[in-house]
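Enquirer: coordinates for the following, if possible.
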Amino acid sequence: MDPGSVEKAATALLDAYASGVPIPPLTASHPDMSVDDAYAIQRAQSDAWTAAGARIKGHKVGLTSAAMQRQMGVDQPDFGILLDSMFLPESAPIDAGRFLQPRVEPEVAFVLGRPLSGPGATAADAVAAVEYVLPALEVIDSRIADWKITLPDTIADNASSGGLVLGTRPVRLGDLDLALMGCLLHRDGNLIDTGAGGAVLGSPINALVWLANVLGERGIALEAGHVVLPGSITAAVPVAPGETLTATFAGIGSVTARFGKEERE
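Expert: Below you'll find the predicted structure:
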């Protein structure tokens, strides 16, 4: 895609955020859109957000589990940025109106105590960089109508990012086995899904390594203090205004997201 087409696509996505009206898949009008094109569109939006005062506070890895890849019809992971405005407090109802078509995913959030960069980053490097983990619920969202996305569509749309809720009890990696760690996902007190950390590329640590190396190829390093979401342990579940979702992780604890009852105007 030429620079003008990249900018036009980025503007269409930014307009969808502002209007609350999803747009058709970008690949419908640009069938030859490549992964590199998609990341260029993502970067154009990132530049617009940071120019307006937003701060990048971390990254997310998406589509790391077989369940999510089947659900979204893709065959490889992707990444997006986490802005300061995406962090939602666990203690307050979430304004459901800020999202277009939200879904929720349980994840283990890594908080880095030191920088991590690739290419060439290893699992040992990743473990050494993690200061602690937190239970997390990611709210994914799509500016593409009806979630009709291909891999380039979701990459361009900041990896279908929406927001995240972090638990408040930090846990050191220590003796945790993230691959074997189980997770229970409840909606309004009812168990709706279960999973284990091994669903995330064999271990969430592997997703962190993948991210560090992919970003390193683009000249980007993960920074100390940043949060990394490595990918969902279960398939994403739709959420409606008024619902409460809780994820409970073995050895780590739980986190709850409460959605307010008001629809988007």
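Enquirer: ok, which stretches of this protein are strands?
Expert: Assigned by DSSP state E, the strands in the chain fall at 56-62, 78-83, 87-88, 103-112, 130-140, 161-166, 182-187, 190-196, 227-229, 237-238, 244-249, 253-258.
Enquirer: with mean pLDDT added, can I get those in a markdown table?
Expert: As requested, those are arranged in a markdown table below (pLDDT from 0 to 100):
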| stretch | mean pLDDT |
| --- | --- |
| strand 56-62 | 97 |
| strand 78-83 | 97 |
| strand 87-88 | 98 |
| strand 103-112 | 97 |
| strand 130-140 | 97 |
| strand 161-166 | 98 |
| strand 182-187 | 98 |
| strand 190-196 | 97 |
| strand 227-229 | 98 |
| strand 237-238 | 96 |
| strand 244-249 | 97 |
| strand 253-258 | 97 |
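Enquirer: can you list those strands in JSON lines and add mean neighbour count and distance to I149?
Expert: The way it works is simple: take the backbone N, C-alpha and C, and place the C-beta from them, glycine included. Shown next, in JSON lines, are the strands of the chain (neighbours: other Cβ atoms under 10 Å; distance: least, Cβ to Cβ, whole Å):
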{"stretch": "strand 56-62", "mean neighbour count": "23", "distance to I149": "11"}
{"stretch": "strand 78-83", "mean neighbour count": "24", "distance to I149": "10"}
{"stretch": "strand 87-88", "mean neighbour count": "17", "distance to I149": "23"}
{"stretch": "strand 103-112", "mean neighbour count": "26", "distance to I149": "12"}
{"stretch": "strand 130-140", "mean neighbour count": "23", "distance to I149": "11"}
{"stretch": "strand 161-166", "mean neighbour count": "23", "distance to I149": "13"}
{"stretch": "strand 182-187", "mean neighbour count": "19", "distance to I149": "22"}
{"stretch": "strand 190-196", "mean neighbour count": "15", "distance to I149": "21"}
{"stretch": "strand 227-229", "mean neighbour count": "26", "distance to I149": "18"}
{"stretch": "strand 237-238", "mean neighbour count": "14", "distance to I149": "15"}
{"stretch": "strand 244-249", "mean neighbour count": "22", "distance to I149": "22"}
{"stretch": "strand 253-258", "mean neighbour count": "19", "distance to I149": "23"}
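Enquirer: for I155, which of those strands is the nearest?
Expert: With Cβ to Cβ as the criterion, I155 lies closest to strand 78-83 of the strands of the chain, at 4.8 Å.
Enquirer: now the strands of the chain in CSV, please, with extra columns for distance to G120.
Expert: What follows is the strands of the chain, written out as CSV (distance: least, Cβ to Cβ, whole Å):
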stretch, distance to G120
strand 56-62, 18
strand 78-83, 18
strand 87-88, 30
strand 103-112, 17
strand 130-140, 18
strand 161-166, 27
strand 182-187, 31
strand 190-196, 29
strand 227-229, 18
strand 237-238, 37
strand 244-249, 30
strand 253-258, 33
